[in-house]
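Trainee: Okay, predicted coordinates and the sequence, questions at the end:
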Amino acid sequence: MNPTGSQRLREWILRANYDGRYTFWSNLLPSIDSESWFWSRYEELFSTVSDRKQQHIHRLFTAAIQFHLDRERETPLACNFPGVRLAYDGVAVTPQVSAFLDFCARRWQSIENIVHTREVQINKLGRNAVMLPLLCEAQSRAGDSALFVEVGSSVGLSLLWPWLTARYSTGSRIDGCFSEGRVVCDCRIAGNPTLPLSGIGPKPVRLVGIEIDSLSADNEDDVAWLLALVAPNDDFGRSELERGLELLSRHRPEILAGCVLDRIGDVIAAMPANQPLIVYHCMTLHHLIEAGKLAAWRRLLRHVAHSRPVIEAYVAWEEGSPSATLWPVEVRIREWHRSGQDSELVGWTDPSADGTLLRFREERP
Ligand SMILES: C[S@@+](CC[C@H](N)C(=O)[O-])C[C@H]1O[C@@H](n2cnc3c(N)ncnc32)[C@H](O)[C@@H]1O
């Protein structure tokens, strides 16, 4: 028998809480009575969303509640929110749980609306530290005049690498071409590095993002949604997002609205003949897989590779099992040719792809 929505929610929380970032939820859920209206309404919601959305409803649902808690910090019920966490240290559980349920009941319609209309668009500044060595490598293979396109930019944090410095635990660093060394992302290195981890990052002729569900760092609701998507106990993630949003307000990278399959043609049409294309993405591949767009995406890259060098660099869950597991998150470079593609597994990054770890493959004996 397939697990119910609430069983899936509970299982996901346990998995996602591998480092304590979902402690709030992992403490709360077991104490909500299994007969509670909360579960029956959640099942109802679960059954009304598409199969694609069912893959992510746990994130959308927890973030929708967080969205309200963040917005209403001054109200007495929301003030109970931190109290719920504390209560699970052993005392006075019931009043806070009931306050929490009451809080949700009063906002249920809006929570449902958020689940139906929003998407999981988590955007992490640290991913730039994982991408920078890949982009350097891609440029050294493709040549200096490459166009860089990011697929699935969300609000745009992974377009900020020219303005920041990635500092690695090997003692080396890659400085973005416009970095003044003030915005630093730290990344631990494990395994045997197979890519250079020092130097100056690429200077793109043009750098453009493509995003199907546009978000803006200037839009209060969009920013509130991105903050709500941060796991409740992930203080590091929240401060990184705030740091990235501040950087976006200064640099405003170019982002085109629309599906990559519809928009990339215009971008390529504006490129000089033979100009290499470096296309990259972080945690976007599962969106293409779930929307049934993977085959079209690959056909498109193969087609473009007839007229110019195409290199794809990406961070993604192991293909074929999107969102099924938190680990591994693969880091890959793929060179597209007329006849096909050569794909290279460079290594892995941390389970949440925060960008705080790049684990290279061990050297073959
Ligand atoms: C999980 S977010 C990752 C954001 C960013 N790349 C990062 O690593 O922080 C994936 C993004 O891909 C976008 N996306 C999904 N399908 C897309 C498509 N067909 N074309 C363009 N963007 C897409 C989603 O809306 C979402 O904002």
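Mentor: Received, thanks.
Trainee: Next up, phi/psi of the residue of the stretch 51-200 of the chain found nearest the ligand, please.
Mentor: Using Cβ to the nearest ligand atom, the closest approach of the stretch 51-200 of the chain to the ligand is made by G152 at 2.4 Å. For every residue, glycine as well, the C-beta is placed using N, CA and C. The phi/psi pair for G152 (degrees, to the nearest 10) reads phi 80, psi 60.
Trainee: Surely it touches H286?
Mentor: No - applying Cβ atoms under 8 Å, one finds G152 not in contact with H286, separated by 9.9 Å.
Trainee: Quick one: name the residues of this protein near the ligand.
Mentor: 119-124, 127, 151-154, 157-158, 210-213, 259-260, 282-284, 287-288, 293 (Cβ under 6 Å from any ligand atom).
Trainee: can you rerun that using 5 Å?
Mentor: By Cβ under 5 Å from any ligand atom, the residues of the chain that approach the ligand are 121-124, 127, 152, 154, 158, 210-213, 259-260, 282-284, 287.
Trainee: Narrow those residues to those in helices?
Mentor: Counting by DSSP state H, the residues of the chain next to the ligand place R127, V260, H287 in helices.
Trainee: Low-confidence ranges, this structure, go.
Mentor: Applying pLDDT under 70 to the chain flags the ranges 1, 73-95, 320-327, 363-365.
Trainee: In it, mark out all the strands, start to finish.
Mentor: Taking DSSP state E to define them, one finds strands in the chain at 147-151, 165-168, 173-175, 184-190, 199-200, 206-211, 254-257, 277-282, 310-317, 329-336, 341-349, 357-360.
Trainee: quick one, which of the ones you listed is nearest to W297?
Mentor: strand 147-151 (8.3 Å; Cβ to Cβ).
Trainee: who does the closest one pair up with?
Mentor: Strand 147-151 has the following strand partners under DSSP bridges: strand 206-211 (parallel), strand 277-282 (parallel).
Trainee: tell me the most buried of those strands?
Mentor: Compared across these, strand 277-282 shows the largest average neighbour count, a mean of 25 (mean count of other Cβ atoms under 10 Å).
Trainee: Give me the distance from that one to the chain's centre.
Mentor: With Cα atoms, centre = their mean, to the nearest Å as the basis, strand 277-282 stands 15 Å off its chain's centre.
Trainee: if we can go back for a sec, in the ones in helices among the residues of the chain next to the ligand, which residue is surrounded by the most others?
Mentor: Within those, neighbour counts (other Cβ atoms under 10 Å) peak at V260, which reaches 26 neighbours.
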